[in-house]
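Visitor: Structure of the sequence below:
(one chain, ligands or ions: 3)
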Amino acid sequence: MSSVDTQNTATPIGKEDVKPVLEVKNLKMYFPITKGLLRRRVGEVKAVDDVSFNVYEGEVFGVVGESGCGKTTTGRCITRVLKPTAGEIIYHDKRGDRVNLSDLSRSELRPYRREIRMIFQDPFSSLNPRLPVVDLIGEVLKVNRIATDAEIKERVKKLLRQVGLRPEYLERYPHAFSGGERQRIGVARALASEPRLVVADEAVSALDVSIQAQTINLLQDLQEEFNLTYIFVAHDLSVVEHICDRIGVMYVGKMVETGTKEEVFERPKHPYTEALMAAVPKPDPRLRSRGQRVRLPGEVADPSNPPSGCYFHPRCRYAQEICRTKAPSLQEHEVTPGHYSACHFAEELELKGVRPGEASASA
Ligand SMILES: Nc1ncnc2c1ncn2[C@@H]1O[C@H](COP(=O)(O)OP(=O)(O)OP(=O)(O)O)[C@@H](O)[C@H]1O
Ligand code: SF4
Ligand SMILES: [Mg+2]
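Guide: Residues are numbered from 1 along each chain as shown. Ligands and ions are numbered 1, 2, ... in the order given. Okay, the predicted model is just below:
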């Protein structure tokens with residue numbers, strides 16, 4: 001293992017010429033826990049706790065981990081819906097300038113909101129039910145001054161075609177669409193501002209399996225057409241395996257492993273990753289269509305009161321004394337540059353991965 005590279009900045013293997021779009025450095029998002037009428041601060045939820053990773057131009061970076069591990073909070077910090085407690089979110093803009101989004105004010109953020117967009121899990125709740133499609137998508141064009149009033153209709157029609165919807169749907173309201181179609185409207189809204197980076201948070205999780213596949217194909221086609229970069233948050237490991245180039249595994253606010261999809265799935269270097277994949281049940285279409293999640297033995301630690309040392313130690317079958325006292329840092333593996341994990345025994349353990357196509361359930 002290389003000694004102190006905790007920034008997790010190596011380029012993906014075989015892609016040394018690719019530039020980062022985003023560098024997340026030591027990101028922290030702590031939510032205060034308050035008590036009583038005076039809202040006295042009695043603690044904090046460390047939803048994201050010192051997370052570092054890079055996202056490279058044109059790639060799909062997947063983020064996985066059990067519920068409550070901080071995936072959405074990380075996405076909301078990157079899109080600056082939340083102002084992080086600490087850390088840097090360095091975005092490389094269209095001109096190649098580096099800008100730290102975590103420090104910017106509302107008005108300073110405006111130009112970047114256009115370039116970094118989010119797609120949500122529930123297409124229905126993220127669309128205003130009282131607005132027809134032309135306004136739902138048109139408002140993004142207006143706010144970002146992409147089209148004049150006279151141009152809006154034509155631009156919306158074009159966007160509808162691009163996401164595989166009929167341009168005649170212009171005047172329809174969200175309730176008139178199926179779940180899959182509504183997600184396409186959500187995608188069209190995200191695309192309307194001509195983004196470079198899209199954070200898709202469980203964007204296909206609420207959809208039926210066949211519609212999921214269509215939506216993933218759409219996202220892949222759009223990626224190619226518009227040279228998009230995705231951060232793809234998902235609990236379904238088979239979806240992640242299908243669409244992602246690199247993967248980050250989160251546990252209780254920490255990034256515990258990152259690397260190429262092949263490295264992380266086939267040769268995991270963190271016991272949590274191994275446990276996630278071992279818990280994948282045999283493919284069962286009935287379970288998957290209901291979005292059933294993998295359940296690991298033991299409880300996920302509480303981010304407002306995490307265990308000492310390595311947060312995974314109470315559930316880890318390989319835990320030793322040092323794991324209870326010393327927190328491991330994210331380290332790069334010498335034999336597989338670009339593959340990082342945070343485990344004291346990452347080099348010694350022979351962990352079991354999954355072969356391509358085996359990760360067919362949810363985490
Ligand atoms: N606004 C908030 N105020 C207080 N705590 C919060 C807030 N948002 C998230 N949390 C807490 O932060 C932790 C991480 O939540 P987050 O939603 O980021 O997890 P997640 O990995 O996206 O989970 P899921 O897979 O269920 O979507 C959880 O303990 C959650 O309860
Ligand atoms: S540091 Fe110890 S407890 Fe943590 S994952 Fe590694 S072996 Fe398990
Ligand atoms: Mg979430």
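Visitor: how about low-confidence regions in the stretch 51-200 of the chain?
Guide: 123-124 (pLDDT under 70).
Visitor: Please list the residues of it that sit near ligand 2.
Guide: Taking CB under 6 Å from any ligand atom, no part of the stretch 51-200 of the chain reaches ligand 2. The way it works is simple: take the backbone N, C-alpha and C, and place the C-beta from them, glycine included.
Visitor: Which single residue of the stretch 151-300 of the chain ends up nearest ligand 2?
Guide: residue 271 (4.3 Å; CB to the nearest ligand atom).
Visitor: Mind telling me which residue of the stretch 1-150 of the chain is nearest ligand 3?
Guide: Closest contact between the stretch 1-150 of the chain and ligand 3, by CB to the ion, is at residue 72 (3.1 Å).
Visitor: And that residue, how far from ligand 2?
Guide: According to CB to the nearest ligand atom, to the nearest Å, residue 72 stands 23 Å off from ligand 2.
Visitor: do you know how far residue 246 is from residue 205?
Guide: To residue 205, residue 246 is 20 Å away according to CB to CB, to the nearest Å.
Visitor: Looking at the two, which one has more neighbours?
Guide: residue 246 (24 against 17; other CB atoms under 10 Å).
Visitor: quick one: residue 23 and residue 90 touch, right?
Guide: Yes: Residue 23 lies in contact with residue 90 (CB atoms under 8 Å); the separation is 4.2 Å.
Visitor: okay, those two: which has more neighbours?
Guide: Per other CB under 10 Å, whichever of residue 23 and residue 90 has more neighbours is residue 23, with 19 against 16.
Visitor: That one and ligand 2, how far apart?
Guide: Taking CB to the nearest ligand atom, one finds residue 23 at 26 Å from ligand 2.
Visitor: Equivalent analysis for residue 329, please.
Guide: Distance from residue 329 to ligand 2, by CB to the nearest ligand atom: 10 Å.
Visitor: My impression was that that residue belongs to a strand - is that right?
Guide: No: read with DSSP: H, G, I helix; E, B strand; the rest coil, residue 329 is coil and lies in no strand.
Visitor: residues near it, how many?
Guide: 13.
Visitor: That one reaches residue 344, doesn't it?
Guide: No: counting by CB under 8 Å, residue 329 does not reach residue 344; the two are 9.8 Å apart.
Visitor: which residues touch the closest residue to residue 225 other than its chain neighbours?
Guide: Sequence neighbours aside, residue 162 is the residue nearest to residue 225 in space, at 7.7 Å (criterion: CB to CB, 6 or more residues apart in numbering). Going by CB atoms under 8 Å, 6 or more residues apart in numbering, residue 162 touches 188, 191, 222, 225.
Visitor: for residue 46, phi and psi?
Guide: phi -90, psi 80 (degrees, to the nearest 10).
Visitor: Enumerate the residues of this structure near ligand 1.
Guide: 31, 45, 47, 65, 67-73, 235, 303.
Visitor: Which among those count as buried?
Guide: 31, 45, 47, 65, 68, 69, 70, 71, 72, 73, 235, 303 (16 or more other CB atoms under 10 Å).
Visitor: before we move on, the earlier item: tell me the most packed of the contacts of residue 162, by neighbour count.
Guide: residue 188 (23 neighbours).
Visitor: name the element that one belongs to?
Guide: Residue 188 is part of helix 179-192 when elements are defined by DSSP states H and E.
Visitor: Residue 218 too?
Guide: helix 209-226.
Visitor: relative to helix 179-192, how tilted is that helix?
Guide: For helix 209-226 against helix 179-192, the angle by axes from the mean of the first three to the mean of the last three CA atoms, to 10 degrees is 20 degrees.
Visitor: what about whichever helix or strand comes after helix 209-226, average pLDDT?
Guide: Sequence-wise, the next helix or strand downstream of helix 209-226 (DSSP H and E) is strand 229-233. Averaging pLDDT along strand 229-233 gives 96.
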